[in-house]
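A.B. asks: Fold the following and give me the result.
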Amino acid sequence: MALTTYEEIAEIYSSGISEEYLGEDVKLVEHMLQCADLALADSAPDHLVLAALLHDIGHLLIPDATEAHFSGVDAHHDEIGSQWVEERFPESVSLPILLHVDAKKYLVATDNEYYEKLSQASKDTLAMQGGPLSPEEAAEFLLMPGAQEAVQVRLWDDQAKIRGKATSQISDFKAIIERLALHQ
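C.D. replies: Sure thing, here's the model as predicted:
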């Protein structure tokens, strides 16, 4: 019998590959749960809570993601994760995931103070991801569907890096996952 979407996510989030987070001082699943908790605290709509919860799932779906990262290779976790999410949820969930890396590049390009707020690991990955957007690219980014939502997910992403912080559990998001899942 096939797993439900919630069961798939719970299985991925409880796997051993979810332990560390590519140079950050927080575990990957801990980070995504913190991000979703920040979305809830901001009274975000369900689709953005879910985008926050799943924004880095691509790291968990890429074989050897850690090796690629420490070799200086961008494994495009945003694209991999968004494709996986798109098969299970509406575009309102997958687009902010697809664009959350570009949102970082946009924020670095348009906010003089933003870069200094990034963790060292985020600064390192920014270089791997192509650096800040040009002014033309930044203007084009803002016109993309899901861009504003991606910026919001990115801002939560940056705050969600506190090792050991108490968070919700994946089971706390079961109702949202089931409500938005395209298939059960």
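
A.B. asks: Stretch 89-98: which residues count as buried?
C.D. replies: Residues 89, 92, 93, 94, 95, 96, 97, 98 are the ones in stretch 89-98 that count as buried (16 or more other CB atoms under 10 Å). (C-beta placed from N, C-alpha, C; glycine too.)

A.B. asks: in what helix or strand does the last one lie?
C.D. replies: What that stands for is residue 98. Under the criterion of DSSP states H and E, residue 98 resides in helix 91-110.

A.B. asks: Skip ahead from that helix and say which helix or strand is next.
C.D. replies: Under the assignment DSSP H and E, the closest C-terminal helix or strand after helix 91-110 is helix 114-117.

A.B. asks: Run a quick neighbour tally on the closest residue in space to residue 30 that isn't next to it in sequence.
C.D. replies: Nearest residue to residue 30, sequence neighbours excluded (CB to CB, 6 or more residues apart in numbering): residue 167, at 6.3 Å. The number of residues packed near residue 167 is 19, by other CB atoms under 10 Å.

A.B. asks: Helix or strand with the lowest mean pLDDT in the protein?
C.D. replies: Ranked by mean pLDDT, DSSP states H and E, the helix or strand of the chain with the weakest confidence is helix 65-70, at a mean of 57.
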